[in-house]
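# Output the structure for:
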Amino acid sequence: MKIISKILGILTLIVMVTSCSTVRVVNTWNNSEELNLNDKRIMVISKTDDNVVRSQFENDLVNKLREYDLNSMESLSIFPKIDTEVRLNENEVQKIVEDLKNKGVDIIILNTLKETQEYSRTETTGGGYSALYFPTYFRGPSGTFYRYYSSIHVNSEPESTITYTGKKYILETVIYDLTKTDNDQLILVITTEIDSPKSLDVISSDFSKKIVKQLVN
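Numbers count the residues shown, from 1 in each chain. I've put the predicted structure just below:
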């Protein structure tokens, strides 16, 4: 029975760890204006050299935006390759912006990995205590026996400790409105945290839902 209890405790902990969503929004910033994406053409860009990851994140976010009848497209259709090591000067950036405007792009949603954080966590299960009550008698001054209840506390199940490691990915989603003047184009910044992703498609889908919820609500 003790072995079964220990196994059940471990399984419960594993379910708790793996069943929760691993994507959460940790911070947002906006320019205090109401975000209106209707009647605008949106381009989604995921800044990464890994085209598999880029394609998954861009496609999922575009598909989620289209569920709200928002005109969206992946940057892969225009920029098949992104070199994240290249640093552009201001003139080069402006040239790209003008090129996108000429292609009818009004809104840019840029996803960038900002930071990774490794961590370890220890969880303890079991070690519960139960109280056992039993009667005790004592003789009073008149010779009468009085009964009262005493108790002892015993460890009812063994204590188990599990230590596991993980990695958090901090992503930044920045939204630009190219129809505005240069100083007003930055309209929204969303910071998300992805905790120990297990599956690219599941994480990408969850990420897209969280981002679009911030955009349309």
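
# can you give me the strands in this protein?
With strands called from DSSP state E, the chain shows them at 23-30, 41-47, 71-74, 107-125, 129-139, 145-155, 160-177, 186-195.

# any chance of these in CSV, with mean neighbour count, mean pLDDT and distance to Leu88 too?
Quick note: C-beta positions are derived from backbone N, CA and C, even for glycine. As requested, the strands of the chain are arranged in CSV below (neighbours: other C-beta atoms under 10 Å; pLDDT from 0 to 100; distance: least, C-beta to C-beta, whole Å):
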stretch, mean neighbour count, mean pLDDT, distance to Leu88
strand 23-30, 14, 93, 24
strand 41-47, 21, 94, 12
strand 71-74, 19, 96, 21
strand 107-125, 14, 87, 13
strand 129-139, 9, 55, 64
strand 145-155, 9, 55, 64
strand 160-177, 16, 88, 15
strand 186-195, 18, 94, 17
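
# can you list those strands in TSV and add distance to Leu65?
Shown next, in TSV, are these (distance: least, C-beta to C-beta, whole Å):
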stretch	distance to Leu65
strand 23-30	17
strand 41-47	6
strand 71-74	4
strand 107-125	8
strand 129-139	54
strand 145-155	55
strand 160-177	12
strand 186-195	14
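
# of all those, which lies closest to Val86?
Val86 lies closest to strand 41-47 among the strands of the chain, at 11.1 Å (C-beta to C-beta).

# what residues are up against the residue most central in space within the chain?
The residue lying closest to the centre of the chain (C-alpha atoms, centre = their mean) is Val23, at 1.6 Å. For Val23, the residues meeting the contact criterion (C-beta atoms under 8 Å, 6 or more residues apart in numbering) are Thr192, Glu193, Ile194, Asp195, Ile203, Asp206, Phe207, Lys210.

# Could you check how far it is from Lys168?
Val23 is 11 Å from Lys168, where distance means C-beta to C-beta, to the nearest Å.

# now Asn30
Asn30 is 24 Å from Lys168, by C-beta to C-beta.

# Over to Thr191?
With distances taken as C-beta to C-beta, Thr191 is found 12 Å from Lys168.

# ditto for Thr124
Taken as C-beta to C-beta, the span from Thr124 to Lys168 is 22 Å.
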